[in-house]
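A.B. asks: With the input below, show me the fold.
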Amino acid sequence: MADKYILAIDQGTTSSRAIVFNHEGRIVSVGQKEHEQIFPRAGWVEHNPIEVWDAVREVVAEALAKSSLNKENIQAVGVTNQRETTVVWNKETGLPVYNAIVWQDTRTSKIVEDLGGAEGQDKYKARVGLPLATYFSGPKVKWILDNVEGARADAEAGKLLMGNMDTWVIWNLTGGVDGGVHITDPTNASRTMLMDLKTLSWDPSIAADMGIPMSMLPAIKSSSEVYGYGREQGLLGGVPVAGDLGDQQAATFGQAAFKAGMAKNTYGTGCFMIMNTGEEIVPSKNGLLTTVCYKIGDQKTIYALEGSIAVTGSLVQWLRDNLKMFSSAPEIEELAASVDDNGGCYFVPAFSGLFAPYWRSDARGAIVGLTRFVNRGHIARAVLEATAYQTREVLDAMEADSGVKLAELKVDGGMTANETLMQFQADQLGVPVVRPVVAETTALGAAYAAGIATGYWNGEADVIANWAEDKRWVPSAEQDERARLYRNWKKAVTKTFDWVDGDVAI
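C.D. replies: Below you'll find the predicted structure:
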């Protein structure tokens, strides 16, 4: 195995990365490239799928070049992706009919409302585990077919395909118009609102409700099997493409959270906490999503509860890019540390409405508690604290749904480098927060899935053996202060409700 490695492609919300891993699960090399965030109007968020695919090819080349490797050294490729971001493309030309509509986008609010009708938000929840919300893929496909000239006719003629970004990347990776495989896995399919959680198959009646021809839908494969091979003329020609997991489920796998009751939280563009519930489908009564955690080959499906938070890391990005408060994201920690507390300021980043546990598409962002005393440092601190408060809300819901009291929280993602945030997170949760040595657990999880499928790793035992703790933050806050801060946060959240109405656009 000394000369063999696994390559993971991590197609994320703000960038695409390729990471080469060795048998110990350590990073050998990384290629990364950002892509444009397109905001055509308020509430709309898009990506150019061609730009994204070009970036994927570039970062694969970069990662291989940095490690002086070529396709002969790569045993398999795993793919992980921003979930719910949806592409519709013509299978004959390989061209998208419209930009990818990103998971944060809220343009489908009227479609979602109309689909719910008298039955409301939970119309499909018993079957798909999800409330009707702008977050998910199905309504995005309906919007494209309803609004792009000629799209519906082409879809009904069998010319169009759809998928989340995993499907788009794998189709192109394995040949595109020249025999590309059109597949997805259950973790991604479970985010479309179109897949039955029990059968792991598409639900024709829901697809019909949304006006989506079944011919557009990819085949649902397991998260770990050989789907196809890299296109012959490409850098990965002939290499098995053998792993596919949505980013948050991939991170759960990379964190070795294999036992029911184990949980992880990923701090990225948004925050996503997943608790493994084993082979049991646990309906949520507290605003969480019931989703597929992973399915390895022909083994039984493992399910999860998930709390999805739309805006965390992207709020730091917003301060940097929109308000020009600092020039690089890590600078927020120094700014936040310049003050002792939040100065009474709370920032609720409901830019795309509120996700778990509220599911309020009518909410919009608000900064509350402002006085003349508040300065840039207080606002920076309020931004970091918002991530911790939202995570606590999700954990409270998760413990209520599962009946399991969490002993510690495994964390990963870019924001875990922020010591101020991680300590405040431990203080708010009242349990230790633990970061692994390899914080890039999303890409690592996809690599493990591909490696297990091709015999590079011997199942979950090797994943557990490779996992190692890097740092642990232990709660140190006074309980009264912890409670006061959280009580005021909950009050601040209520100030964002009911903003979108007949007089306010999406």
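
A.B. asks: From here on, just use CA atoms for contacts and neighbour counts.
C.D. replies: Will do.

A.B. asks: how about the strands of the stretch 51-200 of the chain, start to end?
C.D. replies: Along the stretch 51-200 of the chain, counting by DSSP state E, counting those that start in this stretch, strands occupy 74-81, 86-90, 100-101, 160-164, 183-184, 195-196.

A.B. asks: and W499, what does it touch?
C.D. replies: By C-alpha atoms under 8 Å, 6 or more residues apart in numbering, the contact set of W499 is 362-364.

A.B. asks: please redo it, this time with the cut-off set to 6 Å
C.D. replies: 362-363 (C-alpha atoms under 6 Å, 6 or more residues apart in numbering).

A.B. asks: can you pull out the helices in the stretch 401-506 of the chain?
C.D. replies: Remark: helices assigned in the stretch 401-506 of the chain by DSSP state H, counting those that start in this stretch are 419-429, 441-453, 460-466, 479-494.

A.B. asks: Please disregard the earlier target; I meant the stretch 101-250 of the chain.
C.D. replies: Counting by DSSP H, counting those that start in this stretch, the helices of the stretch 101-250 of the chain are 109-116, 125-128, 137-147, 151-156, 165-173, 186-189, 204-209, 247-254.

A.B. asks: Distance to A417 and mean neighbour count added to those helices, as CSV?
C.D. replies: Formatted as CSV, the helices of the stretch 101-250 of the chain follow (distance: least, C-alpha to C-alpha, whole Å; neighbours: other C-alpha atoms under 10 Å):
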stretch, distance to A417, mean neighbour count
helix 109-116, 35, 17
helix 125-128, 35, 19
helix 137-147, 31, 22
helix 151-156, 44, 17
helix 165-173, 27, 26
helix 186-189, 27, 29
helix 204-209, 42, 14
helix 247-254, 16, 30
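
A.B. asks: Any idea which of these gets closest to R482?
C.D. replies: helix 247-254 (28.0 Å; C-alpha to C-alpha).

A.B. asks: now for the closest one, which elements pack on it?
C.D. replies: Packed against helix 247-254 by the contact rule (3 or more C-alpha pairs under 6 Å, 6 or more residues apart in numbering; DSSP states H and E) you find helix 441-453.

A.B. asks: Now the helix it packs on: average pLDDT?
C.D. replies: For helix 441-453, mean pLDDT rounds to 95.

A.B. asks: That helix: which residues count as buried?
C.D. replies: Neighbour counts using 16 or more other C-alpha atoms under 10 Å place 441-453 of helix 441-453 among the buried residues.

A.B. asks: which residues touch G365?
C.D. replies: 348-351.

A.B. asks: Give me the distance between the two termini of stretch 465-474.
C.D. replies: Chord length of stretch 465-474, first to last residue, is 24 Å (C-alpha to C-alpha, to the nearest Å).

A.B. asks: Please identify the buried residues of that stretch?
C.D. replies: For stretch 465-474, by 16+ other C-alpha under 10 Å, it's 466-467, 472-474.

A.B. asks: Reformat those residues as a markdown table; add pLDDT.
C.D. replies: Shown next, in a markdown table, are the buried residues of stretch 465-474 (pLDDT from 0 to 100):
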| residue | pLDDT |
| --- | --- |
| N466 | 91 |
| W467 | 89 |
| R472 | 96 |
| W473 | 97 |
| V474 | 96 |
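
A.B. asks: List just the nearest of these to F258.
C.D. replies: Nearest to F258 among those, with distances taken as C-alpha to C-alpha, is W467, at 12.1 Å.

A.B. asks: just checking, A219 touches P186?
C.D. replies: No: under the criterion of C-alpha atoms under 6 Å, A219 makes no contact with P186, lying 9.9 Å away.

A.B. asks: For T184, name its beta-bridge partners.
C.D. replies: Note on T184: beta-bridge partners by DSSP bridges are I220.

A.B. asks: ok, now how distant is it from R83?
C.D. replies: If you go by C-alpha to C-alpha, the gap between T184 and R83 works out to 11 Å.

A.B. asks: what about the strands in the stretch 301-450 of the chain?
C.D. replies: 302-309, 346-348, 366-368, 409-412, 433-436.

A.B. asks: Centre of the chain to stretch 251-271, how far?
C.D. replies: Remark: stretch 251-271 is offset 11 Å from the chain centroid, using C-alpha atoms, centre = their mean, to the nearest Å.

A.B. asks: what's V59 in contact with, if anything?
C.D. replies: Taking C-alpha under 6 Å, 6+ apart, we find V59 in contact with 17-18, 31-32.

A.B. asks: what's the closest of those residues to G179?
C.D. replies: Nearest to G179 among the contacts of V59, with distances taken as C-alpha to C-alpha, is A18, at 23.3 Å.

A.B. asks: The residue lying closest to that closest one once chain neighbours are set aside: which element?
C.D. replies: Computed as C-alpha to C-alpha, 6 or more residues apart in numbering, the closest residue to A18 that is not its neighbour in sequence is I9, at 4.6 Å. Using DSSP states H and E, I9 maps to strand 5-11.

A.B. asks: Can I get the helices of the stretch 401-506 of the chain in CSV including distance to Y135?
C.D. replies: Shown next, in CSV, are those (distance: least, C-alpha to C-alpha, whole Å):
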stretch, distance to Y135
helix 419-429, 26
helix 441-453, 20
helix 460-466, 31
helix 479-494, 19
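
A.B. asks: distance of the closest residue to L319 other than its chain neighbours from T277?
C.D. replies: Once flanking residues are discounted, L319 sits nearest to M325: 5.7 Å by C-alpha to C-alpha, 6+ apart. The spacing between M325 and T277, counted by C-alpha to C-alpha, is 41 Å.

A.B. asks: S314 touches T269, doesn't it?
C.D. replies: Yes: S314 is in contact with T269 according to C-alpha under 6 Å; the separation is 4.7 Å.

A.B. asks: and the two? which has more neighbours close in?
C.D. replies: Using other C-alpha atoms under 10 Å as the criterion, S314 and T269 rank with T269 on top: 23 against 20.

A.B. asks: need the contact list for the more buried one.
C.D. replies: 312-314.

A.B. asks: Ramachandran angles for it?
C.D. replies: Backbone torsions of T269, given as degrees, to the nearest 10, read phi -50, psi -50.

A.B. asks: The helices of the stretch 101-250 of the chain: which one's closest to K495?
C.D. replies: Nearest of the helices of the stretch 101-250 of the chain to K495, taken as C-alpha to C-alpha: helix 109-116 at 20.5 Å.

A.B. asks: pull the CA atoms of that closest one into PDB?
C.D. replies: This file holds the C-alpha atoms of helix 109-116, laid out as PDB (Å, rounded to 0.1, in the frame of the first residue of the first chain):
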ATOM      1  CA  SER A 109     -40.800  29.900  -0.900                       C
ATOM      2  CA  LYS A 110     -44.100  30.200  -2.900                       C
ATOM      3  CA  ILE A 111     -43.600  26.800  -4.400                       C
ATOM      4  CA  VAL A 112     -43.100  25.300  -1.000                       C
ATOM      5  CA  GLU A 113     -46.200  27.000   0.400                       C
ATOM      6  CA  ASP A 114     -48.300  25.800  -2.600                       C
ATOM      7  CA  LEU A 115     -47.000  22.200  -2.300                       C
ATOM      8  CA  GLY A 116     -47.900  22.100   1.400                       C
END
